[in-house]
Structure formats: C-alpha cells, structure tokens
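Coordinates for the following, if possible.
(one chain, ligands or ions: 1)
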Amino acid sequence: MGRTYRADAIVLRSMRFAEADRVLHLYTAERGRVNAIAKGSRRPKSRFGGRLEPFFRLDLMLHEGRSDLCTVTGAATVDGYPCLRSDGVAIGAAARGCDAVLRLFDSAEPNRPAYNLLCRYLALLDRRAGEDALAGPGPNGHAVGLAFRLKLALAAGFSPELGACARCGEREGIVAFSGAAGGVVCGSCEAGGFPISAEAHRFMLAAIGGPIAELPAVPEAALRQVERAIGDTLAHHAHVNLRAVA
Ligand SMILES: [Zn+2]
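Purely as a prediction, here's the structure:
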C-alpha cells in the first residue's frame with residue numbers, strides 16, 4: 001500500500017502528537033506543502049534525534065498511505081542552522097518567515113523559487129546571527145525580513161507593480177501605493193492609496209531586483225511604508241494577512 005518518496009524539506013512547524021509522536025508541517029522542494037507524522041520521534045532513543053524541529057532543512061523519506069499525513073521513515077540533516085537556533089532575534093525572524101510561507105503556500109504544488117528563497121533566508125539569518133549582525137550596520141532585521149516577503153510575494157505571483165503607476169502606467173510622479181490597484185500610483189491616481197516616499201519605492205525595487213543581503217539603507221519610516229504596501233497587496237490579492245515583520 002502507498003509509496004515512499006524522497007523530499008528536500010524545511011520544517012515550518014513541529015507539534016507534539018499522541019504519546020511519543022510529532023506532526024510536522026513541511027515545505028518541500030518537490031511537493032510544496034506536506035504534512036507528516038514522525039512516529040516515536042519523542043522517545044529518548046528515537047533514530048530521528050533532535051532534527052525534527054522548526055527551521056531544520058532535511059533530506060526526508062516520506063511514505064504516502066491512505067491518510068492525509070505522510071509518515072516519516074527516514075530523516076537526514078541537510079542544514080540545522082545552529083547559529084540561528086541560538087539567537088532569539090533570528091528565531092523570531094525565522095518563525096515569522098515560516099509563518100508567511102504557511103499562509104501564502106498552502107497547496108501541494110511545488111514552487112522551487114519559494115523553496116530556494118526560504119532556504120537562502122534561513123541561511124542568511126544563520127550567518128548574520130553568527131556574526132551578530134542583525135542589530136549592527138547594514139540592512140537591519142526589519143529590512144531583510146521585508147525583502148524576504150517581497151520576494152516571497154513575487155514567487156507566489158502577487159508581486160506589486162513597481163515600475164509605473166498601477167492604474168494609468170505613468171512612470172513619473174509616483175507618490176503613493178494602492179493595495180487595491182496592486183502597486184505604486186501617481187499623483188492623479190492616488191485616491192484610495194497611502195503616501196510612500198521615494199526611499200520606500202527605491203527599497204522595494206532593490207529588494208525585488210537584487211539579493212536579500214544587499215539592500216539600500218533607508219529610514220525606519222520608509223520600511224514601515226514598505227511593510228504596509230506588502231500587507232495591503234497580499235490582503236487584497238492573495239486574501240492573506242501576514243504577521244508583523246518585527
Ligand atoms: Zn496614475
């Protein structure tokens with residue numbers, strides 16, 4: 001009965017279940033969102049060890065039976081992100097990132113860009129936690145978290161229009177952002193939007209177009225505008241409400 005397959009997976013959530021089991025919410029490269037049960041994994045001598053925790057990247061063997069839950073039959077660690085795991089700020093950022101993936105990607109459709117982005121984000125949080133850089137100079141944790149969400153929105157097909165007014169196509173005189181229109185808007189079309197600064201617009205263009213680790217330094221007020229722009233876009237078009245980034 002059923003079949004066994006291999007999956008490259010990130011543990012988004014890990015919940016205690018029954019006497020000694022865990023239920024895992026996974027994001028996999030091959031099959032998108034998968035839920036699985038790891039039987040006996042909370043016993044002291046479990047062969048799974050401590051690797052079925054949130055944010056672990058695993059090479060899993062999953063058995064598909066009749067139930068909606070796959071059964072984990074093997075698990076090897078690809079990356080445990082140990083520095084991230086020992087830093088409270090990074091753990092919070094990783095948890096909110098995984099939560100955004102849970103809300104935006106709920107189907108069994110694979111989405112490689114989203115999977116690769118999540119792996120890169122966790123690796124970046126791990127590296128920066130190791131360097132104690134999340135609170136230091138360069139893009140702060142808020143900026144990095146926003147860039148991750150913008151790229152995640154792009155991978156999900158809900159990227160805001162940033163190149164020209166989302167209502168009339170005008171490229172000059174961008175002054176506001178409208179979640180309903182799905183992007184930036186010009187002075188003639190700003191009704192229903194909220195004002196954004198040139199810095200917030202520049203930040204979004206850089207975040208969509210470049211690596212997460214290389215972002216222009218912009219004031220916190222601009223980052224708050226970016227967060228509202230992403231939130232409004234996803235609420236209007238994906239019907240998803242994300243938790244606050246920081
Ligand atoms: Zn316009």
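
So which residue is dead centre in the protein?
Gly97 (3.9 Å; Cα atoms, centre = their mean).

That one: what's it in contact with?
Leu118, Tyr121, Leu122, Leu125, Gly145, Phe148 (Cβ atoms under 8 Å, 6 or more residues apart in numbering). Where C-beta positions appear, they are placed from N, C-alpha and C, glycine not excepted.

Which ones among those residues map onto helices?
If you go by DSSP state H, the contacts of Gly97 have Leu118, Tyr121, Leu122, Leu125, Gly145, Phe148 in helices.

Could you measure from the first one over to Arg42?
Right, Leu118. Here Leu118 is placed at a distance of 25 Å from Arg42 (Cβ to Cβ, to the nearest Å).

Compare these two and say which one has the larger neighbour count.
More crowded of Leu118 and Arg42, by other Cβ atoms under 10 Å: Leu118, with 27 against 16.

In contact with the more buried one: list those residues for me.
Ile10, Tyr27, Gly97, Cys98, Val101, Leu152.

Return the subset of those lying in helices.
Using DSSP H, those in helices are Gly97, Cys98, Val101, Leu152.

Spatially, which two of those residues are the most separated?
Cys98 and Leu152 (10.9 Å; Cβ to Cβ).

Show me where the chain has its helices.
82-85, 88-104, 112-131, 141-156, 198-209, 220-237.

before we move on, back to that, quick one: which of the ones in helices among the contacts of Gly97 is most hemmed in?
Busiest of the ones in helices among the contacts of Gly97 [other Cβ under 10 Å] is Leu125, holding 29 neighbours.

show me the contacts for it.
Tyr81, Leu84, Ala90, Ala93, Ala94, Gly97, Leu134, Val144.

just Ser14 next, same as before
Taking Cβ under 8 Å, 6+ apart as the test, what Ser14 contacts is Arg22, Val23, Leu24, His25, Leu52, Glu53, Pro54.

and if you look at Ser197?
Neighbours of Ser197 in contact, by Cβ under 8 Å, 6+ apart: Ala221, Ala222, Gln225.

Dump these to TSV, plus pLDDT, neighbour count and distance to Ala244.
TSV is the format used below for the contacts of Ser197 (pLDDT from 0 to 100; neighbours: other Cβ atoms under 10 Å; distance: Cβ to Cβ, whole Å):
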residue	pLDDT	neighbour count	distance to Ala244
Ala221	96	10	16
Ala222	96	21	16
Gln225	97	23	14
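
ok so, going back, okay, Cys98 and Leu152: which has more neighbours?
Neighbours of Cys98 and Leu152, each counted by other Cβ under 10 Å, are more numerous for Leu152; the result is 26 against 21.
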